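J.: sequence first, then the predicted structure, then my questions.
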Amino acid sequence: MKELTLETLLAVFEEIYGFWLFWGMVAAALVVTVLFVWVLIRDHKLEARTLVQAELFAPVGAVAAIVFVFFMTSSGLRDMGGPIDVMMLVGIGAAGAVGLTILAYVARALVRPPRG
């Protein structure tokens, strides 16, 4: 593989997660993103209190993302081979942390009415 293309990445992710799980995760991410933008437009701001409460879920999201990837790839920490593996692990954890933080913010914002 000389070049890394979008088609190659899609094929790899579909192979790892399966067609339905991968595209289901993509759809869920799009729905949460659209809801997040809608909440921002509705409230005209990012509420600090709600964001701080949502950030409490970040460590849970990081650990869950890492465990999920290790489960789907049938690997673990003992299979880490070098610096790129550590960077990927940190990236996966960061993505899980940010994703669950945004999901928690959206859920909290949708449960309570906007403050006038």
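T.: Nice, I can see it.
J.: tell me which element the residue most central in space within the chain is part of?
T.: The centre of the chain sits closest to Gly99, judged by CA atoms, centre = their mean, with a distance of 3.5 Å. Using DSSP states H and E, Gly99 falls within helix 83-111.
J.: so how far is Glu14 from Trp23?
T.: 8 Å (CB to CB, to the nearest Å). Any C-beta I mention is one placed from the backbone N, CA and C, and that applies to glycine too.
J.: quick one: average pLDDT of stretch 74-90?
T.: Averaged across stretch 74-90, pLDDT comes to 88.
J.: list the buried ones in it?
T.: The neighbour-count check on stretch 74-90 (16 or more other CB atoms under 10 Å) flags Leu89 as buried.
J.: for Gly93, which non-adjacent residue is closest in space?
T.: Of all residues not flanking Gly93 in the chain, Ala62 sits nearest, at 3.9 Å (CB to CB, 6 or more residues apart in numbering).
J.: ok, the one you found - contacts?
T.: Ala62 is in contact with 93-94, 96-97, counting by CB atoms under 8 Å, 6 or more residues apart in numbering.
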